[in-house]
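Participant: no sequence on hand, only this structure:
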């Protein structure tokens, strides 16, 4: 599996991918998921993939060579929308070539893509492309895309990143998002590829491959865990059975009518060994009006 995230910001773009592939507990490999299509001064495009590795590699190779019927390629597309359309056409071409034979062996045509960058004459744009070759574009309401093991790293991005977030701050958030994923899922692994692109550069401006020895990522891993624990410990524990006005952290107040959904005890189950008095007393604490 993998985890990739791409962010479109006012200041530019941030891309981060891992390099883990996993075909079983004893078949773990390292394959980089990020590819750059760069013609300095004209365009800088980034492709990140998740899913079946053979499909992803076929798409990457064909994308660099594919010529549409009208002569357009990813290298001469006039804008990012057309570049995304061409990439979608490439996905469909690989599907047409390989999907049926893969299906005979019980293998689904499984691929998802984040594709973004800038072509001279327009702003930065970011797309997510699906296995059918269709795609959607990021807008201000949804300024990032994730593919692969997205759930672990999503909460921090949702709370922090907006279009106004500076590039380095967004890169920091992406790394924390990745660290959360690495912590919870063994199918995602180092090294990481991080690319930070500044608006109108039309060339790669900042790129780093991050392994376990990277000083900044080591700091992220230790500091985030420590700070998260500190914040957690600073939040008050819940207070049970208090008046709502007594404190701000009342979880269950004396005037709440809270009862669990209890399954009726079958008639063949003996209840003679249960002392009902303490249970009734406890119930009355939660439901004082109940006799």
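Facilitator: Sure thing, it's come through. Since the structure is predicted, the reported quantities are computational estimates derived from the model, not experimental observations.
Participant: buried ones in the longest helix belonging to the chain?
Facilitator: Secondary structure of the chain per DSSP state H: the longest helix is helix 80-104. By 16 or more other CB atoms under 10 Å, the buried positions in helix 80-104 come out as 80, 82-91, 93-95, 98, 102. In short, each C-beta sits where N, CA and C put it, glycine included.
Participant: show me the contacts for residue 150.
Facilitator: Residues touching residue 150, when contacts are defined by CB atoms under 8 Å, 6 or more residues apart in numbering, comprise 3, 5.
Participant: so where does it fall, helix or strand?
Facilitator: Assigning secondary structure by DSSP states H and E places residue 150 outside every helix and strand.
Participant: kindly provide the distance from it to residue 58.
Facilitator: 23 Å (CB to CB, to the nearest Å).
Participant: cool, and residue 38?
Facilitator: Where residue 58 is concerned, residue 38 sits at a distance of 21 Å (CB to CB).
Participant: from residue 89, how far out is the residue lying closest to residue 103 once chain neighbours are set aside?
Facilitator: The spatial neighbour of residue 103 that comes closest, neighbours along the chain excluded (CB to CB, 6 or more residues apart in numbering), is residue 109 at 7.7 Å. When CB to CB is applied, the distance between residue 109 and residue 89 equals 15 Å.
Participant: and if you look at residue 202?
Facilitator: As for residue 202, its distance to residue 89 is 24 Å (criterion: CB to CB).
Participant: now do the buried residues in the host helix or strand of residue 158.
Facilitator: For residue 158, the element it lies in under DSSP H and E is helix 154-160. Judged by neighbour count using 16+ other CB under 10 Å, the buried positions of helix 154-160 are 156, 157.
Participant: distance between it and the chain's centre?
Facilitator: 10 Å (CA atoms, centre = their mean, to the nearest Å).
Participant: what's in contact with that helix?
Facilitator: Outside helix 154-160, the residues within contact range by CB under 8 Å, 6+ apart are 5, 7, 144, 146, 169, 173, 174, 176, 177, 180.
Participant: so what's the fourth one up against?
Facilitator: So the one you mean is residue 146. Residues counted as contacts of residue 146 (CB under 8 Å, 6+ apart) are 3, 4, 5, 114, 153, 154, 157.
Participant: that one in helix, strand or coil?
Facilitator: The three-state assignment at residue 146 reads strand, by DSSP: H, G, I helix; E, B strand; the rest coil.
Participant: can I take it that residue 7 is in a helix?
Facilitator: No. Under three-state DSSP, residue 7 falls outside any helix and is assigned strand.
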